[in-house]
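Novice: what's the 3D shape of this:
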Amino acid sequence: MTLAKHGDHIQVHYKILLEDGSLFDSTFTREPVQFEIGQNKLHLAFEKAFIGMNVGESKTIALSADQAFGPHLPEKVVEVSRDQVAPNVELQIGQRLKMMGCSRRAIMVRVVNFSESSVTLDTNHPLAGKNLTLELTLMTIL
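Specialist: So this is what the prediction gives:
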């Protein structure tokens, strides 16, 4: 049997579970994800978990918040003027928006609060501060 190694192109299925067991995301109901191990296109711990696995093998790994997406940083919750958000956007608490960051790159933010004059946005990764369990299956080595 061939074991997955650095540089291999692979197809995988995964589930991301939160600490309370609730499902955050899963590919098991859609097409598998394809990537090259070591290209750092996905989270490093996620990529490394497939090294040494056989096709068809599954494993479960637990990641602390620090190993996953780091702590939730209060300084990444910012208040901006309402005119920084497109006027046609009907805001809702918890809503995800794509905005231009300081480096002129698009970033995803979450609406925490809003008024007529300002919007409070959380720019942390949605999984920051959360312990995760990953259920992984190596489907194919291409």
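
Novice: Only C-alpha atoms from now on, for both contacts and neighbour counts.
Specialist: Noted.

Novice: Now do the strands in the protein.
Specialist: Applying DSSP state E to the chain gives strands spanning 9-18, 23-26, 33-36, 58-63, 77-81, 96-100, 106-114, 118-122, 132-141.

Novice: Just the angle for the last one relative to strand 58-63, thanks.
Specialist: Just to be clear, that refers to strand 132-141. Computed by axes from the mean of the first three to the mean of the last three Cα atoms, to 10 degrees, the angle separating strand 132-141 from strand 58-63 equals 150 degrees.

Novice: what sits up against strand 132-141?
Specialist: Residues from elsewhere that reach strand 132-141, judged by Cα atoms under 8 Å, 6 or more residues apart in numbering: 4, 8-19, 32, 50, 53-65, 68.

Novice: per-domain residue ranges of this protein.
Specialist: 9-69+128-141, 74-122 (automatic domain parsing).

Novice: Quick check: which of the ones you listed is buried the most?
Specialist: Most buried of these by mean neighbour count (mean count of other Cα atoms under 10 Å) is domain 9-69+128-141; its value is a mean of 16.
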